[in-house]
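*Asks:* Need coordinates for the below:
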Amino acid sequence: MYKSFLFLVFAVFFSTFSIKSVEAQAYMEVGYSVGLSYYNGDLTNSISQALRQSHPAVSAFSKFNINSTLSTRLGVTYAKVSGFDALTGRSEFIRRNLSFDSDIYEIAGMLEVNMFKFSAIASENIFTPYVALGLGAFRFDPRTDYQGQRIRLQPLGTEGQGTSAAPNNQKYSLTQLNIPFGGGVKLKLADNITGFVDFTWRRTFTDYLDDVSSLYADPEILLAEGGELTLALSNRTGEFLGEEGYISNGVKRGNPTINDYYFMGAVGVSFSFYSSGSNVECPKF
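*Replies:* Predicted coordinates for the structure are as follows:
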């Protein structure tokens, strides 16, 4: 997975140099950003809690500026998200005692719309707010800590996926689509150099980013078909109470009506490449 992600990074950047000429008002740029990411789902109770669980995130992109208003962007992002019932501040969630974290590797294409005319290579406004919308794909893999070990949750089927406890519920895919949307502000720092602040939400099509969605599965079936580890990580209330006391089949474990999403707030810089005749030129400092 790491090699595939690195390949995507290089593909995004080297694709920039394949363009030999562009229109007078059009130009290419590449950039980087760093920031913080967090998630919202069944293991968060408020935005303040989500912010306390934020993690560093990085992104790189290649952009084609069609004109001073519209741009298309292809980017790759690494982020990390996590959630802990212990931080919710609500007794029913603290007692549930679930937790997870996951690395996220994402590639996404987006359309940007500037509110003011803006160009890093021409005399336009030196700053502009912008909005963006796109489509992406991401890879995740929720894990948790248990008895000093790091455990992958998806293969276990903690809600009975793949067992007779939930015959119509198969194990969720670790590769999913998302809809990134958001906006920010761009600022021209120098000829061909742009600084920006970006805020982007990712609406996902899965409720299992945190491995929690619907109901507790029948503990006897989980034990027989999934094993002791699956049973232990399906219901951790007894672990919190210091005694066994598994909740019976059918009790609510999560909320399946709302899918999870994750967010990245970042600051970054981009460098413009524009045409002169038939050759793409580099930024002049």
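*Asks:* what about this structure, any weak spots by pLDDT?
*Replies:* Counting by pLDDT under 70, the chain shows low-confidence ranges at 1-24, 244-249, 274-285.
*Asks:* try 90 this time
*Replies:* Within the chain, the ranges that satisfy pLDDT under 90 run 1-26, 45-52, 88-92, 119-125, 162, 164-170, 191, 219, 237-252, 273-285.
*Asks:* list the contacts for Leu135?
*Replies:* Counting by CB atoms under 8 Å, 6 or more residues apart in numbering, Leu135 makes contact with 108-109, 177-180. Every C-beta, even on glycine, is put in place using the N, C-alpha and C of the backbone.
*Asks:* Quickly name whichever of those is closest to Asn97.
*Replies:* Asn178 (28.5 Å; CB to CB).
*Asks:* Next one: the nearest residue to that closest one once chain neighbours are set aside from Gly265, what distance?
*Replies:* Computed as CB to CB, 6 or more residues apart in numbering, the closest residue to Asn178 that is not its neighbour in sequence is Arg202, at 4.4 Å. Note on Arg202: its distance to Gly265, by CB to CB, to the nearest Å, is 12 Å.
*Asks:* Give me the helices and strands touching the host helix or strand of Gly184, please.
*Replies:* Assigned by DSSP states H and E, Gly184 belongs to strand 175-190. In this structure, strand 175-190 packs against strand 99-114, strand 127-139, strand 193-204, with contacts taken as 3 or more CB pairs under 8 Å, 6 or more residues apart in numbering; DSSP states H and E.
*Asks:* Now render the ones you listed as a markdown table, adding distance to Pro56.
*Replies:* Output for the helices and strands packed on strand 175-190, formatted as a markdown table (distance: least, CB to CB, whole Å):
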| stretch | distance to Pro56 |
| --- | --- |
| strand 99-114 | 12 |
| strand 127-139 | 17 |
| strand 193-204 | 15 |
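*Asks:* which one of these lies closest to Ala165?
*Replies:* Closest among those, using CB to CB: strand 99-114, at 20.7 Å.
*Asks:* Output the closest one as CSV, nothing but the C-alphas.
*Replies:* What follows is strand 99-114, C-alpha atoms only, in CSV (Å, rounded to 0.1, in the frame of the first residue of the first chain):
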residue,chain,number,x,y,z
SER,A,99,-11.8,2.9,20.2
PHE,A,100,-10.0,2.9,16.9
ASP,A,101,-7.5,4.7,14.7
SER,A,102,-6.7,4.4,11.0
ASP,A,103,-4.3,5.7,8.4
ILE,A,104,-6.0,7.1,5.3
TYR,A,105,-4.5,7.3,1.8
GLU,A,106,-6.5,9.3,-0.6
ILE,A,107,-6.5,10.4,-4.3
ALA,A,108,-9.1,13.0,-5.4
GLY,A,109,-9.9,15.2,-8.3
MET,A,110,-11.6,18.5,-7.6
LEU,A,111,-13.0,21.6,-9.3
GLU,A,112,-12.1,25.0,-7.7
VAL,A,113,-14.0,28.2,-8.3
ASN,A,114,-12.4,31.5,-7.3
